[in-house]
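Visitor: next come a sequence and a model predicted from it.
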Amino acid sequence: MTREPAKFGRAVEEELMRLREKLWKTRGRKSRTTGVVYLMISGIFLLLAYVTRYIVFEVISILAMLLGVVFVFIGVEPYVKMDVTNRAVISPLVPLASFLSHLKVEGKAIYIPPTPEQQSGKTFLSTQSVVSLPTFKEILKENSLIVLEGGVLIPSIGSALLQLYEDEFGDLRKLDLEYLMAWLPRLLVDGLQVAEKVEMTRKVDDIRVKMTNSAFRSVCQHPAAKVVCEITGCPVCSSIAEAVSKNTGRVVYFLRCENDLVKREINAFYRLGQSLEELKQDKK
C-alpha cells in the first residue's frame, strides 16, 4: 500500500518536469512561426468577412492580424546582444579580481552551505597555504563580508543564478542530489540557454561539470575573469557549486576550471567535503 502512492508521486513529478522542459524550450524560441499562422488566419477571416459581410469575422481578422504582428516582430521573451551581456558580467568581476589580488588569496574557493535559518551559503577564501575552515559561530554571522585570521567569508558570486534555479525547482535542500544533477543541466541548456550542452557527473565525492559552447566562454578570456575563475570559478561554475552545497548540506571545494578553446568546452571540478553538522561539531 505504501509503494503505490510513492510510485504515483514520482510519476506525477516526472510528468511535471517533462512539461516544464517543454515550456523552457518554447519560451526560449522566437515565435515567428506562430505569428505567420495568425496572419494566415487573419487573411482567411478577412476573406470570409468580405464574402458574408459579417462584422464578427472582420473583428476576428483584425485581432488575429495584431497578434500575428506581435509574435513576428516581438517574440515571447526579450533578447539582449551577447556583447552587452558579456560586458555586464565582466564589470563586477574587475573589482572582485582586484580584491582577491589585494588579499593574496592562496587557495581555491570553499563553498559553505547555509544553515536552516539562512537562504544562501557563503564562500571562504583562504589567505594561507594551510586551509583552516571558519568556525560554526563565524558562519552564523549575517555580515556580507567577514574578515578572519586565515581568510575571508564573502557571498557567492553565483547567488543570483542560484535564485533562478530555486525559482524553477523550489528549495534545493528538499531535492535529491541525483535529481539535481539530472535536471540542473537541462535548466541551464533549455531554460536559461547558458550553454549548448551541460553534463554533471559524480564519482564518489568528486563532481565534474562540462559545459559545451557556453554563452559566456569569451568572458573567461578577460584578464580579470581569469583571476576570478582560477580561484572561485566563473559565476555559472560558482552557482553550480553553491547549488550542490545547499542541496547536500556539505562543504564544496572548488578544485579547478579548464577552458578548452578548441573544443569550446569548460570543465569545472569540485569535491564534496564535510557536512554542516560535522563542521558544527568540529568547530565550536
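Guide: All right, it came through fine.
Visitor: use CA for all of it now, contacts and neighbours both
Guide: OK.
Visitor: strands of the chain, start to end?
Guide: For the chain, the strands defined by DSSP state E occupy 110-112, 122-126, 146-147, 151-155, 197-203, 206-212, 250-260, 265-275.
Visitor: export those strands as CSV, with columns for mean neighbour count.
Guide: Formatted as CSV, these follow (neighbours: other Cα atoms under 10 Å):
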stretch, mean neighbour count
strand 110-112, 30
strand 122-126, 26
strand 146-147, 14
strand 151-155, 20
strand 197-203, 15
strand 206-212, 19
strand 250-260, 20
strand 265-275, 19
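Visitor: lowest average pLDDT across those?
Guide: Mean pLDDT values for those show the minimum at strand 146-147, a mean of 78.
Visitor: packing partners of that strand?
Guide: strand 151-155 (3 or more Cα pairs under 8 Å, 6 or more residues apart in numbering; DSSP states H and E).
Visitor: and the contacts of the strand it packs on?
Guide: 105, 121-128, 144-147 (Cα atoms under 8 Å, 6 or more residues apart in numbering).
Visitor: switch to 6 Å and redo it
Guide: With contacts defined as Cα atoms under 6 Å, 6 or more residues apart in numbering, strand 151-155 is touched by 122-127, 145-146.
Visitor: out of the strands of the chain, which is closest to Thr52?
Guide: Distance to Thr52, taken as Cα to Cα, is lowest for strand 197-203 among the strands of the chain, at 53.2 Å.
Visitor: could you tell me the angle between that closest one and strand 265-275?
Guide: Counting by axes from the mean of the first three to the mean of the last three Cα atoms, to 10 degrees, strand 197-203 lies at 40 degrees to strand 265-275.
Visitor: what lines up beside strand 197-203 in the sheet?
Guide: Strands that pair with strand 197-203, judged by DSSP bridges, come out as strand 206-212 (antiparallel).
Visitor: any idea how far the strand it pairs with is from the chain center?
Guide: Mean-position distance between strand 206-212 and its chain equals 14 Å (Cα atoms, centre = their mean, to the nearest Å).
Visitor: look at Phe239 and report its pLDDT.
Guide: Careful, residue 239 is Ser; it's not Phe. 91.
Visitor: how much space separates the residue nearest to it when sequence neighbours are not counted from Glu168?
Guide: Of all residues not flanking Ser239 in the chain, Gly158 sits nearest, at 4.0 Å (Cα to Cα, 6 or more residues apart in numbering). In this view, Gly158 and Glu168 are 16 Å apart by Cα to Cα, to the nearest Å.
Visitor: between these two, point out the one with more neighbours.
Guide: Gly158 (20 against 14; other Cα atoms under 10 Å).
Visitor: surely that one meets Ile240?
Guide: No: under the criterion of Cα atoms under 6 Å, Gly158 is not in contact with Ile240, lying 7.8 Å apart.
Visitor: one step back: Tyr111: which of the contacts of strand 151-155 is nearest?
Guide: Thr123 (4.6 Å).
Visitor: skipping adjacent residues, who's closest to that closest one in space?
Guide: Thr123 sits nearest to Tyr111 (Cα to Cα, 6+ apart), 4.6 Å away.
Visitor: was I right to think that neighbour contacts Ser126?
Guide: No: using Cα under 6 Å, Tyr111 is not in contact with Ser126; the gap is 11.6 Å.
Visitor: quick revisit: distance to Tyr54 added to the strands of the chain, as CSV?
Guide: As requested, the strands of the chain are exported to CSV (distance: least, Cα to Cα, whole Å):
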stretch, distance to Tyr54
strand 110-112, 67
strand 122-126, 66
strand 146-147, 73
strand 151-155, 64
strand 197-203, 52
strand 206-212, 56
strand 250-260, 64
strand 265-275, 60
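Visitor: which one of the ones you listed lies closest to Val37?
Guide: strand 197-203 (31.1 Å).
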